[in-house]
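Enquirer: the sequence and its predicted three-dimensional model are supplied below.
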Amino acid sequence: MIRIEHLGKAYGEKKVLADLNLCLSGTGHYYLKAPSGSGKTTLFRILSGLEAADSGSVKFPPGFRLTMVFQEDRLFERFTPLENVWMMQKERTPEAVLRKELGKILPADCLDKPAAALSGGMKRRTAAARALLTPSEGVLMDEPFAGLDQESLGRLCRFIREKTENRFLFVSTHTDIPEAELPGEVLTLPFYGIAR
């Protein structure tokens, strides 16, 4: 289990998270829905260790590793989608295997182009693939579906489902995902109003 206990975070006078308590299965799939400014990204940054909470704690099982898709794509713009995935892997996936995997969500003709030449949707899918194809026990995805058309969204949902079987998945999204495409439990955060 992943235990989030009495988690609190504020930016000056603006309270973002207060006494947040969640107990999540280490192999569960969860979707976080809340208004913009309600602390979704802050929670993900705390879970990933990129930001410290003001109070409370997060407890993972021993040896639990996370990969993450940020709201920004954070790709190496001069590198191809293949190279962007390889950059995160200690042991490279064989090229033929990686091309096949990426071909499930990206057109074959973009795999050898630098990320700078890709459309926004292709960049988003590359960022998702990088997190999903890097070994870990869990994946955090902050707005991974932004800017995707319905066909690309469906392909990415199926890819996520395939790559997170028996892995923890925590997705922050404004997009309504059909339960059949990507089953999981929908969670909400109390809205304290950082954007108010």
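Expert: Received the coordinates, thanks. Residues are numbered from 1 along each chain as shown.

Enquirer: can you pull out the strands in the chain?
Expert: Applying DSSP state E to the chain gives strands spanning 2-11, 14-24, 29-33, 55-59, 66-69, 138-142, 168-172, 185-188.

Enquirer: would TSV of these with mean neighbour count, mean pLDDT and distance to K90 be doable?
Expert: Where C-beta positions appear, they are placed from N, C-alpha and C, glycine not excepted. TSV is the format used below for these (neighbours: other C-beta atoms under 10 Å; pLDDT from 0 to 100; distance: least, C-beta to C-beta, whole Å):
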stretch	mean neighbour count	mean pLDDT	distance to K90
strand 2-11	16	94	24
strand 14-24	16	90	26
strand 29-33	19	89	26
strand 55-59	14	95	25
strand 66-69	21	96	12
strand 138-142	23	95	17
strand 168-172	24	94	20
strand 185-188	12	82	31
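
Enquirer: select, out of the ones you listed, the one closest to G39.
Expert: Proximity to G39 (C-beta to C-beta) singles out strand 14-24 among the strands of the chain, at 4.1 Å.

Enquirer: once you drop chain neighbours, what's closest to L24?
Expert: Excluding the flanking residues, the one nearest L24 by C-beta to C-beta, 6 or more residues apart in numbering is I2, at 4.4 Å.

Enquirer: give me the distance between the one you found and F159.
Expert: The spacing between I2 and F159, counted by C-beta to C-beta, to the nearest Å, is 23 Å.

Enquirer: same question for K113.
Expert: As judged by C-beta to C-beta, K113 and F159 stand 20 Å apart.

Enquirer: swap in M88?
Expert: Counting by C-beta to C-beta, the gap from M88 to F159 is 16 Å.

Enquirer: show me which of the two is the more surrounded one.
Expert: F159 (21 against 13; other C-beta atoms under 10 Å).

Enquirer: dump the residue contacts of that one.
Expert: When contacts are counted by C-beta atoms under 8 Å, 6 or more residues apart in numbering, F159 touches K104, I105, A128, A129, L132.

Enquirer: can you say which of those are buried?
Expert: I105, A128, A129, L132 (16 or more other C-beta atoms under 10 Å).

Enquirer: thank you kindly, that will do.
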